[in-house]
Every structure is written in C-alpha cells, then in structure tokens.
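Visitor: This is a predicted model, with the sequence first.
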Amino acid sequence: MEQRIGSSSKPLEGAGFDPAFVPGLTSPVSGETEDTEPADAVEAAGTHEPTATAEASEETEETAGEAEETAGEETPDGPVFEAADRRAKIVADHRGVRLSLDDQACEFGWDEIGAVETESPRFGKRFTITVHTPDRRWYPIEIEATSRARFAEWDEQLDAVMDRYFEDETAPAQEPEESD
C-alpha cells in the first residue's frame, strides 16, 4: 500500500486569496519589474545605497519645504487658542480648527464647522472639545489639563477665537422695522 508524505490538501484558489485571480483587477505580474536592476549591474556600478536612506532624505527635504512655507505665511493679529497634552493638541486660529491625536490629524476651515462644543468634567482634568460639521459628524478630542483652573482659561480663549472668526449662519436675520 502506498502512502503520500506531506499534506493532502490543495492550496485554495480564488479572488479571496489572490486578487490577480479576477481578470482585469490587477495588472499582470512579470518576472522582473522595470525599476529593479540586476544585481551584477549594481555591483559593477559600486553603489550600495539603500533605498530607505534616499526616501528618508526626500522626506526631510519635503518637511523642510513645508516649514519654510508656513514660516513665510503671515499671521493676522487675532486671537489664537492652543491647548495640548502629551498625546492630543488643538489649535484654533484664523485658518480654522486643527485637531491632532498621536499621529492622526485633521483640519477644519471655518466654513466646514457647524459648531464647537466644550465640556469640562465634574471630576478629573480632561477637557473635551468637540467639533461638529454641518453633515452631522462630530470629532471630539480630550486634552488633559495640568490643573482644573485651566478649564476656565481655555473656555475664555476659545470663546474669543469663536467670536472673532466663526460666523453662525443659522442666526435669525433681523427683520426690518415697519414704518407707519
């Protein structure tokens, strides 16, 4: 009697395991890509620079260019609200509201904001700011304060920025007075 050594199951095939299974979904894979050079050519040229170093240098050049652009930007003489802790940061100024948490960030222009809500807890030191958009989405962020006394200070600063830059379009229009 013969016995087979190894697995008797066949590898699964299909679009769930290989996107190239569906024709036209991905381009056909060739044995060698255009960007890769044979190893002999690289050794002959004498360059052994890893691509990660080249990409890192490009990224530092891009970030330096962005820093120069923001440094050249004129900031108007208006109120600015900024609060941050070890993980989160919020900035509200003439451009709008910018939220960041760890490595995630989002920016809202004043025309994209429906409301900005603040909440200070009864106990604890986490100040919550929620940005509401007109399409019924909200983006909360919590900032840990050094003391509870900062809550009142942050509320005043944010109110000053909101009063200056945020225009509430839903406010009722004043009706003209009727003359007799």
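Guide: Happy to help now that I have it. Numbers count the residues shown, from 1 in each chain.
Visitor: so A160 touches D93, yeah?
Guide: No. With contact defined as CB atoms under 8 Å, A160 and D93 do not form a contacting pair (11.0 Å). Every residue, glycine included, has its C-beta placed from N, CA and C.
Visitor: Give me the helix or strand of this protein that scores worst on average pLDDT.
Guide: helix 51-72 (a mean of 46; mean pLDDT, DSSP states H and E).
Visitor: on contacts alone, who are the packing partners of the one helix or strand Q157 maps to?
Guide: Per DSSP states H and E, Q157 falls inside helix 149-165. For helix 149-165, the elements it packs on are strand 81-84, strand 88-93, strand 115-119, strand 126-132, judged by 3 or more CB pairs under 8 Å, 6 or more residues apart in numbering; DSSP states H and E.
Visitor: relative to strand 88-93, how tilted is the longest one?
Guide: This means strand 126-132. Orientation check (axes from the mean of the first three to the mean of the last three CA atoms, to 10 degrees): strand 126-132 against strand 88-93 gives 50 degrees.
Visitor: Can you give the contact residues for strand 126-132?
Guide: 83, 90, 97, 99, 108, 113-121, 138-145, 150-151, 154, 158 (CB atoms under 8 Å, 6 or more residues apart in numbering).
Visitor: State the paired neighbours of that strand in the sheet, together with their directions.
Guide: strand 115-119 (antiparallel), strand 138-144 (antiparallel) (DSSP bridges).
Visitor: ok, back up a step: closest one to D103 among the helices and strands packed on helix 149-165?
Guide: Comparison of the helices and strands packed on helix 149-165 against D103 by CB to CB identifies strand 88-93 as nearest, at 11.7 Å.
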